[in-house]
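Student: fold the following and give me the result.
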Amino acid sequence: MTICPSTIFVRLLGAATLLVLSSLVLQGCDLTQHAAASARDEGNYVAPRVDDGSGSCQKPGVCPEQGRSTQKSGFTDNTGWKDASSCCDICQDAKKVNCFDPAQCGKKTGDDDWDFLIFDQIWVPQLCASLAEGHDPTVTHPVSTLCSAKATNTAGMSIHGLWPSYYGGYPQCCRPPASLSPNDLPASLQQQAWQQWADPTFDSGDGCAFCSMWAHEFLKHGTCLTDTMAGYFEATLFLHALLKPQVSELEALLAGAGTNEIDVSAITDIFAPYDMQVVCDPKDPSATESVGVVLEIRTCWKAKPGFSRSNPDPELLEQFSCAKSEPSCPAKVIAKQGKAVSMTTMTAESSSETDKHDLMF
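Tutor: Okay, the predicted model is just below:
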C-alpha cells in the first residue's frame, strides 16, 4: 500500500497532517488533496472549552458513588464527569482479567501480559442509528443519548479504541490513575483526536466530551498498554493514519452502496493480505439471518521487541492476520448512511442490567 509522509510522521509534524477521512479512494500520495483537507480540518476545529467550576459537564444520574450499572442495551451511568474537573472512575470494582478460555488465558494477570492488540474503527452512521434505536454498542453513553447535528463526524469511519487482548479474553483497568482530567492529554493531541476520534453525541469541540469515549477507552484499555493517556492516543492515532488508504476505500464502498447489499468479502479484500474482522450490529432491526448491518471493523497488531508501556512507540507495532472466529456478519451486509440527529430525549429502556465489566468495549 502507499503511505504518504504526511500520515507516517504525524506525531512529528503535528495536527495539520491528520486529515478527515473522505468518501473518496485515495490513490497514491496526492499532497495537494492532503493539504486542502488539512486546511478544512483546522478551520473546523474548536478549542475544547474549560469548565468554569459550575459542573456544567455533569449529567444528573451519571457516575453515582455506588450502584453503577450498564443495561443490556449498552447504555450506562458509569462513564462521564465525576465532578467539575475530573472523569468518572469507570474501573471501580472492575476485575483486571476477563478470560473466556482458561486453556489460553487462565494464568494471565493483567500485568503487561497481553498477546496482541485489536484496533477497532466504527462506522459512525450505524453508531448514531443504534443510539436512536435504543442501544449503545460502545457501552459509553447514558440513556437518552443521541448524536448531535453539530458533531465533527456523523458520516464516516472513526476510531473506537485500541484494545490489548488475550487469546481467549482481554485485560482491562490495569493501572487506572487516581484521577483523570483534560490536563492529562496535551492540547495538540486533543486537536488531532477531534478529527479522527470524536464522540458524535457531542458538538464539535465541546470539551465536555473528554470524559465520554476518550476517558472510557483510556481507563479501560489504555491503562493496560501505556503509562500515559498521551502515549495511548499517539499509538492509536498513528495506526489510524497508517490505515487511511484502506479506510478511505472502505468509506467509499459503504457510502456508495446506498441501500444495496455488500459482499463482506468486498470489505475484507480491501485489507488484504491481512485477515480482519467485520462486526455487525445484531440489535439493529434491519438485520436478518442473511443480511447484517455493518457496525465496525477490527484489525490486529503485535508488538516488536522494544515496545513497552514506558516506550509505546507505534512504529514498533506491526499488523498481522486476525484469527478466524465465529462470524459477526452474514456473507452480505448493508450500511446505514450518514444522517446527523439532534439531541433529544427518548424513553429509557426498561431492560435488566448486565455486568458492566464483561463487555469488551
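Student: after the biggest strand by length in the chain, next one along is what?
Tutor: Longest strand of the chain, by residue count under DSSP state E: strand 291-303. Where DSSP states H and E defines the elements, the next helix or strand beyond strand 291-303 is strand 317-320.
Student: adjacent strands (with direction) for that following strand?
Tutor: Sheet pairing of strand 317-320 (DSSP bridges) gives strand 291-303 (antiparallel).
Student: quick one: average pLDDT of the strand it pairs with?
Tutor: For strand 291-303, mean pLDDT is 98.
Student: do the same with stretch 230-245
Tutor: 98.
Student: list the buried residues for that stretch?
Tutor: Across stretch 230-245, burial judged by 16 or more other CB atoms under 10 Å covers 230-245. For every residue, glycine as well, the C-beta is placed using N, CA and C.
Student: to the chain's geometric centre, what's the distance from that stretch?
Tutor: 11 Å (CA atoms, centre = their mean, to the nearest Å).
Student: span of stretch 279-286 from start to end?
Tutor: End-to-end distance of stretch 279-286 (CA to CA, to the nearest Å): 15 Å.
Student: can you pull out the helices in the stretch 201-350 of the chain?
Tutor: 213-220, 229-242, 244-257, 264-270 (DSSP state H, counting those that start in this stretch).
Student: and these: which comes nearest residue 320?
Tutor: Residue 320 sits nearest to helix 229-242 of all the helices of the stretch 201-350 of the chain, at 13.0 Å, using CB to CB.
Student: packing partners of that closest one?
Tutor: Contacts defined by 3 or more CB pairs under 8 Å, 6 or more residues apart in numbering; DSSP states H and E place helix 229-242 against helix 5-8, helix 10-13, strand 116-123, strand 157-165, helix 187-196, helix 213-220.
Student: which one of those lies nearest to residue 64?
Tutor: helix 213-220 (16.6 Å).
Student: any idea how far the closest one is from the chain center?
Tutor: Computed by CA atoms, centre = their mean, the chain-centroid distance of helix 213-220 equals 9 Å.
Student: hmm, back to that, how about CSV for the helices of the stretch 201-350 of the chain, with distance to residue 129 added?
Tutor: Below are these laid out as CSV (distance: least, CB to CB, whole Å):
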stretch, distance to residue 129
helix 213-220, 17
helix 229-242, 22
helix 244-257, 13
helix 264-270, 18
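Student: ok, the buried residues of stretch 230-245 vs residue 300, which is closest?
Tutor: The closest of those, once distances to residue 300 are taken by CB to CB, is residue 239, at 10.9 Å.
Student: and the pLDDT for the closest residue to the closest one other than its chain neighbours?
Tutor: Take residue 239 and drop its neighbours on the chain: the residue closest to it by CB to CB, 6 or more residues apart in numbering is residue 119, 5.1 Å away. With respect to pLDDT, residue 119 scores 98.
Student: and the gap between residue 119 and residue 291?
Tutor: 26 Å (CB to CB, to the nearest Å).
Student: between these two, point out the one with more neighbours.
Tutor: For residue 119 versus residue 291, the count of surrounding residues by other CB atoms under 10 Å is larger for residue 119: 23 against 16.
Student: quick one: that one and residue 302 touch, right?
Tutor: No - the criterion here is CB atoms under 8 Å, and residue 119 misses it with residue 302 at 11.5 Å.
Student: which residues does the residue nearest to residue 239 bridge with?
Tutor: Applying DSSP bridges to residue 119 gives these bridge partners: residue 162, residue 299.
Student: list the contacts for it?
Tutor: Contact analysis of residue 119 by CB atoms under 8 Å, 6 or more residues apart in numbering lists 162-163, 236, 239-240, 243, 298-301.
Student: kindly reformat the residues you listed as TSV containing distance to residue 67.
Tutor: Output for the contacts of residue 119, formatted as TSV (distance: CB to CB, whole Å):
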residue	distance to residue 67
162	30
163	27
236	32
239	37
240	36
243	40
298	33
299	37
300	37
301	37
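Student: show me which of those is closest to residue 142.
Tutor: residue 163 (22.6 Å).
Student: separation between the closest one and residue 120?
Tutor: 7 Å.
Student: OK, contacts around the residue nearest in space to the middle of the chain?
Tutor: Geometric centre of the chain, nearest residue: residue 160, 0.8 Å, by CA atoms, centre = their mean. Contacts for residue 160 (CB under 8 Å, 6+ apart) come out as 120-122, 138, 213, 217, 296, 361.
Student: repeat that for 10 Å
Tutor: Neighbouring residues of residue 160 by CB atoms under 10 Å, 6 or more residues apart in numbering: 118-124, 127, 137-138, 140, 197, 213, 217, 236, 279, 295-298, 361.
Student: with residue 269 instead?
Tutor: 249, 253, 263.
Student: surely the last one touches residue 292?
Tutor: No - applying CB atoms under 10 Å, one finds residue 263 not in contact with residue 292, separated by 11.5 Å.
Student: name the residues contacting each of those two.
Tutor: Joint contacts of residue 263 and residue 292 (CB under 10 Å, 6+ apart) are 331-333.
Student: closest to residue 314 out of those residues?
Tutor: residue 333 (29.9 Å).
Student: what about the closest one, how many neighbours?
Tutor: Neighbours around residue 333, by other CB under 10 Å: 24.
Student: let me know the pLDDT of it.
Tutor: 98.
Student: how much space between it and residue 231?
Tutor: Distance from residue 333 to residue 231, by CB to CB: 35 Å.
Student: for residue 199, which non-adjacent residue is spatially closest?
Tutor: Among residues not flanking residue 199 along the chain, residue 213 sits closest, at 4.3 Å (CB to CB, 6+ apart).
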